[in-house]
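pasting the sequence and the predicted coordinates here, then a few questions.
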Amino acid sequence: MSDKIINELEELLHANVVTTETAENIREYFHQKKEESHNRLSSIFGILGAILVGLGIILVFAHNWDNLSRLTKIILSFLPLIVGQLLCGYSILKKSESTVWKETSSVFLFFAIGANISLVAQVYNIPGDLDSFIITWMLLSLPLVYLLQSSIVSLLYIVGITYYCCNSNYFTYPSTQSFLYWLLLLGIVPHYYQLVKTKALSNFTLFHNWFISISIVICLDTISHKNGYLLYLSYMSLFTIFYFIGKTSFFDKQKLKNNSFLIVGKLGILYLLLLYSFKWFWNKSFYKTDSISETLLSIEFIIACALTLIAALLFYKKNSRTNFKEVSLLELVFLMNIFPLISAYEFSIVANVIVLFIGIFEVKRGIKLNHLGLLNFGLLLITILIICRFFDTDLSFVLRGILFITIGLGFFLANYFILKKRNRNEK
């Protein structure tokens with residue numbers, strides 16, 4: 001398409017449709033766009049090549065490992081590390097402007113560090129567990145993120161510390177409370193901040209948005225001890241914080257796929273609301289300790305209060321600019337955190353009403369904006385709510401069938417009328 005436009009520029013110039021300066025600007029724009037596309041493909045293939053070469057070297061070593069002398073094993077253990085460091089040094093000194101070189105060499109060195117640690121430990125029978133290995137590997141690899149501005153190593157680092165957190169808290173027994181993950185996560189914050197400021201629309205930033213938000217959601221549960229049920233309050237506030245981050249002017253202007261915080265926050269809030277809508281959820285106690293004072297001093301309660309306070313501050317910051325005239329029901333849901341702490345009554349009816357109103361609001365907004373995605377999202381939310389009630393109510397099968405038929409007709413008619421309206425407007 002771009003080549004076709006460039007080829008027609010001469011005709012447009014002769015017809016005085018565009019000026020010479022405009023034509024040059026158009027050529028420069030498409031040239032830069034083509035270069036960016038070429039660099040992106042080169043980076044992808046370079047990174048994949050570095051990963052495959054690194055894994056291939058490890059497999060070759062592993063196949064002949066038992067037949068090698070100790071000296072040979074040590075030399076081979078350090079060889080990928082030395083090669084990786086030489087490549088990184090060359091990238092910094094000679095190819096400082098090449099993203100392909102920096103990303104490829106840093107990824108190769110990242111895996112070389114892990115291989116070197118494990119191979120040397122095996123040669124000298126150095127004891128250790130998987131958690132200490134991952135922590136050592138990640139800490140030694142973190143400088144690569146800043147020395148070579150490597151976003152791929154940054155993403156691998158996030159995956160590594162997330163796996164460490166899951167392994168120490170979910171995958172092993174007995175599990176241990178580990179807050180080291182949160183300190184390790186802070187190590188990547190400066191690089192992420194730089195990406196957001198300088199490359200807001202790049203794929204690297206997009207992946208960081210998703211990796212960081214999902215990693216935090218996965219690892220928040222690891223702080224639980226005796227009052228794990230209180231983490232539902234923490235998650236509600238965390239999702240609300242994500243939602244408000246996604247609603248900031250910076251993220252709100254971007255495409256939806258780039259706004260992981262808005263998607264994760266909104267879906268997380270709705271998931272918890274649907275969970276709250278079940279009666280059995282409220283039959284369980286939020287307090288798992290012997291005394292209220294022990295509960296109030298528990299780490300789960302402190303984290304829940306801190307996140308709720310942050311959510312309240314973000315709520316005030318967002319809506320104070322409009323004098324609270326554009327407050328949506330979804331933004332107020334985190335206030336439900338107060339009720340389990342002051343009352344023991346069931347809150348399922350309130351949750352059902354809130355989900356229903358949010359669904360109706362999304363349908364109404366979809367019709368107003370002529371947006372099929374919003375319309376179907378609202379209808380889908382109402383459908384899921386009805387399905388949830390299908391399992392914990394005593395409604396007859398006839399009534400349940402009528403409800404599903406009604407929702408199905410609603411899907412069909414709403415989409416039909418919007419498509420009809422679009423066709424009429426196009427004419």
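All right, it came through fine. This is a predicted model, so every value here is computed, not measured. Numbering: from 1, shown residues only.

report the contact partners of the residue nearest in space to the middle of the chain.
Note on the chain: the residue nearest the mean C-alpha position is residue 210, at 2.3 Å, using Cα atoms, centre = their mean. By Cβ atoms under 8 Å, 6 or more residues apart in numbering, the contact set of residue 210 is residue 260. C-beta here means a position set from N, CA and C on the backbone, and glycine is covered the same way.

okay, domains of this structure per the record?
Taking automatic domain parsing as the domain assignment, the record places the domains of the chain at 1-114, 128-223, 227-332, 347-427.

using CSV, lay out the ones you listed together with distance to residue 122 and mean pLDDT.
Supplementary listing: these in CSV, determined by distance: least, Cβ to Cβ, whole Å; pLDDT from 0 to 100:
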stretch, distance to residue 122, mean pLDDT
domain 1-114, 8, 71
domain 128-223, 11, 88
domain 227-332, 38, 83
domain 347-427, 51, 76
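
right, and these - which one's nearest residue 338?
Closest to residue 338 of the domains of the chain, according to Cβ to Cβ: domain 227-332, at 8.2 Å.

tell me how far that closest one lies from the chain's centre.
In terms of Cα atoms, centre = their mean, to the nearest Å, the centre of domain 227-332 is found 16 Å from the chain centre.

same check on stretch 203-221?
3 Å.

possible to save the domains of the chain as JSON lines with distance to residue 120?
As requested, the domains of the chain are exported to JSON lines (distance: least, Cβ to Cβ, whole Å):
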{"stretch": "domain 1-114", "distance to residue 120": "5"}
{"stretch": "domain 128-223", "distance to residue 120": "11"}
{"stretch": "domain 227-332", "distance to residue 120": "37"}
{"stretch": "domain 347-427", "distance to residue 120": "53"}
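
among those domains, which comes closest to residue 121?
Residue 121 lies closest, by Cβ to Cβ, to one member of the domains of the chain: domain 128-223, at 6.2 Å.

show me where the stretch 151-300 of the chain has its helices.
Along the stretch 151-300 of the chain, the segments classed as helices by DSSP state H, counting those that start in this stretch run 151-166, 180-186, 189-198, 203-220, 231-246, 249-252, 260-276, 279-283, 292-296, 299-320.

dump these to JSON lines, plus distance to residue 358.
Listed next are these as JSON lines, based on distance: least, Cβ to Cβ, whole Å:
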{"stretch": "helix 151-166", "distance to residue 358": "30"}
{"stretch": "helix 180-186", "distance to residue 358": "31"}
{"stretch": "helix 189-198", "distance to residue 358": "29"}
{"stretch": "helix 203-220", "distance to residue 358": "20"}
{"stretch": "helix 231-246", "distance to residue 358": "12"}
{"stretch": "helix 249-252", "distance to residue 358": "19"}
{"stretch": "helix 260-276", "distance to residue 358": "7"}
{"stretch": "helix 279-283", "distance to residue 358": "18"}
{"stretch": "helix 292-296", "distance to residue 358": "31"}
{"stretch": "helix 299-320", "distance to residue 358": "16"}
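
so which of the ones you listed gets nearest residue 367?
Nearest to residue 367 among the helices of the stretch 151-300 of the chain is helix 260-276; the distance by Cβ to Cβ comes to 19.3 Å.

which ones are touching residue 230?
224, 286, 295, 298, 300-301, 304.

give me the nearest residue to it, chain neighbours excluded.
Leaving out its chain neighbours, the residue that sits closest to residue 230 by Cβ to Cβ, 6 or more residues apart in numbering is residue 300, at 4.0 Å.

so the one you found touches residue 221, yeah?
No - in this structure residue 300 lies outside contact range of residue 221 using Cβ atoms under 8 Å: 10.1 Å.

those two: which has the busier surroundings?
residue 300 (23 against 15; other Cβ atoms under 10 Å).

how many neighbours does residue 70 have?
Counted with other Cβ under 10 Å, the neighbours of residue 70 add up to 9.

meant to ask about residue 245
The burial count assigned to residue 245 is 19, neighbours taken as other Cβ under 10 Å.

that one against residue 260, yeah?
No - look at residue 245 against residue 260 with Cβ under 8 Å: they stay out of range, at 9.6 Å.

give the contact list for residue 263.
By Cβ under 8 Å, 6+ apart, the neighbours of residue 263 are 246, 256.

that one and residue 247: what is the separation?
The spacing between residue 263 and residue 247, counted by Cβ to Cβ, to the nearest Å, is 12 Å.
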